[in-house]
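Peer 1: need a structure here:
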Amino acid sequence: MSTYLVTGGLGFLGVPLVKALLKEGYQLRVLDNFSRGSAEYLGEAKSDVEIIAGDIRDADVVYRAIRGVDSVCHLAFVNGTRYFYERPAYVLDVGVKAMVNVLDACIRVGVGELFLASSSEVYQTPPKVPTDESVPLSVPDPYNPRYSYGGGKIISELMAIHYGREYFDRVVIFRPHNVIGPNMGWEHVVPQFVTRLLNLEATTSEQEIPFPIQGTGDQSRAFIYIEDFIHGLMLVIHHGEHLNIYNIGTTEEIKIRDVAHRVAHCLGKCIRVLPGSEAIGGTLRRCPDIRKLKQLGFRPRFNFDEALPQTVQWYVEHLRPVVDIDAMAEAKVFLKEQ
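Peer 2: Presented below is the predicted three-dimensional model:
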C-alpha cells in the first residue's frame, strides 16, 4: 500500500485528511512544526502515523520527510487573516520556500504524485460569482499585505503546474472555500464572532448585545463543513485529473451579518449588528462553482445551520481567556454616538 506524506498534517485540514487516508489503509507520514497543531489531535490514530517535527522552510527536513513516500499532500502554509495583514513577509517566506523545497525533494527522490492545497483567496475579487476554476487569478495591489497569502498560493499553483508537466505523473490542485468546524483556529470569522459575543455580553445589560463587525455585513461567503471538505478532497485525491484544479466548497452563500445572528442564536443571544470600516482588500462575495467536483461524485451532506452549532459548541468549551478589546472599544464608541 502506498505511503502519503501530509505537510501541515497536524492542522485543521491535515488531521481529518490523515485519518481518512489511514482508514483506507494507506501508510502515513506527517511533517509539521507544531505551531498550530498537535499530535494529540490525531487521537488513537497517533500511534499509526510517523510524525516528523520540523520547519517546512528547511530543505533538509523536507527531503528527509519526503524520502520513501509515494505521494505528497502539501497543506503547510500560514493561514488566518490577521497574519496576512500583520506578518506578510512571514506568510510569503513559508509559502514560497515550502513550495520550492517540496518540489525539489519530490524530484530528487522520484515522487510522482503531488496534491497541492491552494485557496479561494487566489480569486481576490472575482469577475463572476459563483466562481469557477478558470477565472483569471490576480494580485490587485502588491502593496496591500493581505495579498501575501493569495499571492503565495498563486506562486505555488504556477510552480506545481509547470513542474508537474515535466517531473510528475500527477499533480492536482484543490482550492478550499471557507471550511468551518471544531478546532479550526482562532483567526477566522466564526471563532472570532463566538469570542467577541461572549466577551461583549459582560459589558452590557441590553437585551440586544451591540455587536460590531467589519463593513456593512453584506459581504457573503459560502461555508463548507470539515466533513464535507474531506469527502470532496478524497474524491480529488482518487479521481482528480493531472494538472487540474478543483474548488472544494458549497454554493450556499450567506451574508456575514447573518453569520453573526446565527452564531448568536446558537449561543441563545440576541445581537444588534454595528457596521464598521471595511477591511482593505476584502472581497464582497465569495462562492465557488463546484461543477467539476460534482462530476467526481461530490454532494455536500451538511448545510450551514447543521455545521454551525457543532463548531460554536467546540469554541465555547475551549474559549481562550482573551478580551476582544478592539470590539469592545468600537461598541462603546458606537453607543456614545447614538
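
Peer 1: Which helix or strand lies directly C-terminal to the helix or strand hosting residue 5?
Peer 2: Using DSSP states H and E, residue 5 sits in strand 3-7. Sequence order places helix 14-23 as the next helix or strand after strand 3-7, per DSSP H and E.

Peer 1: Residue 193 against residue 261, yeah?
Peer 2: No. Taking C-beta atoms under 8 Å as the definition, residue 193 is not a contact partner of residue 261, at 9.8 Å. Placement of C-beta: from N, CA and C, glycine included.

Peer 1: quick one, which of these two is more surrounded?
Peer 2: Set residue 193 next to residue 261 and count neighbours by other C-beta atoms under 10 Å: residue 193 wins out with 26 against 19.

Peer 1: hang on, residue 233 is in a strand, isn't it?
Peer 2: No. Counting by DSSP: H, G, I helix; E, B strand; the rest coil, residue 233 is located in no strand; its state is helix.

Peer 1: That one: how many residues sit nearby?
Peer 2: 27.

Peer 1: So it is in contact with residue 17, correct?
Peer 2: Yes. Taking contacts as C-beta under 8 Å, residue 233 lies within contact range of residue 17: 6.3 Å.

Peer 1: quick one, strands of the stretch 1-150 of the chain?
Peer 2: 3-7, 27-32, 49-53, 71-74, 113-117 (DSSP state E, counting those that start in this stretch).

Peer 1: show me the contacts for residue 130.
Peer 2: Contacts for residue 130 (C-beta atoms under 8 Å, 6 or more residues apart in numbering) come out as 222, 251, 287-290.

Peer 1: now do 10 Å
Peer 2: Residues near residue 130 by C-beta atoms under 10 Å, 6 or more residues apart in numbering: 177, 222, 247, 249, 251, 253, 285-291.

Peer 1: returning to what we had before: pull up the overlap in contacts between residue 193 and residue 261.
Peer 2: Both residue 193 and residue 261 are in contact with 211, 271, where contact means C-beta under 10 Å, 6+ apart.

Peer 1: picking up where we left off before, kindly reformat the contacts of residue 130 as JSON lines containing neighbour count and secondary structure.
Peer 2: Rendered in JSON lines, the data for the contacts of residue 130 read as follows (neighbours: other C-beta atoms under 10 Å; DSSP: H, G, I helix; E, B strand; the rest coil):
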{"residue": "177", "neighbour count": "24", "secondary structure": "coil"}
{"residue": "222", "neighbour count": "23", "secondary structure": "strand"}
{"residue": "247", "neighbour count": "28", "secondary structure": "strand"}
{"residue": "249", "neighbour count": "29", "secondary structure": "coil"}
{"residue": "251", "neighbour count": "16", "secondary structure": "coil"}
{"residue": "253", "neighbour count": "16", "secondary structure": "strand"}
{"residue": "285", "neighbour count": "17", "secondary structure": "strand"}
{"residue": "286", "neighbour count": "23", "secondary structure": "strand"}
{"residue": "287", "neighbour count": "23", "secondary structure": "coil"}
{"residue": "288", "neighbour count": "28", "secondary structure": "strand"}
{"residue": "289", "neighbour count": "19", "secondary structure": "coil"}
{"residue": "290", "neighbour count": "25", "secondary structure": "coil"}
{"residue": "291", "neighbour count": "13", "secondary structure": "helix"}
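
Peer 1: In the stretch 1-150 of the chain, where is pLDDT below threshold?
Peer 2: Within the stretch 1-150 of the chain, no stretch has pLDDT under 70.

Peer 1: Going by residue numbers, what spans are helices in it?
Peer 2: Secondary structure of the stretch 1-150 of the chain (DSSP state H, counting those that start in this stretch): helices at 14-23, 59-66, 81-86, 88-109, 147-167.

Peer 1: Pick the most buried one from those helices.
Peer 2: helix 14-23 (a mean of 21; mean count of other C-beta atoms under 10 Å).

Peer 1: Show me how far that helix is from its chain's centre.
Peer 2: Distance of helix 14-23 from its chain centroid, counting by C-alpha atoms, centre = their mean, to the nearest Å, is 16 Å.

Peer 1: any idea which element the closest residue to residue 292 other than its chain neighbours lies in?
Peer 2: Closest residue to residue 292 apart from its sequence neighbours, by C-beta to C-beta, 6 or more residues apart in numbering: residue 246 at 5.4 Å. Using DSSP H and E, residue 246 falls within strand 244-248.

Peer 1: And the next helix or strand past that strand?
Peer 2: strand 253-255.

Peer 1: which residues touch that following strand?
Peer 2: 129-130, 178, 216-223, 261-262, 285-288, 303-305, 308.
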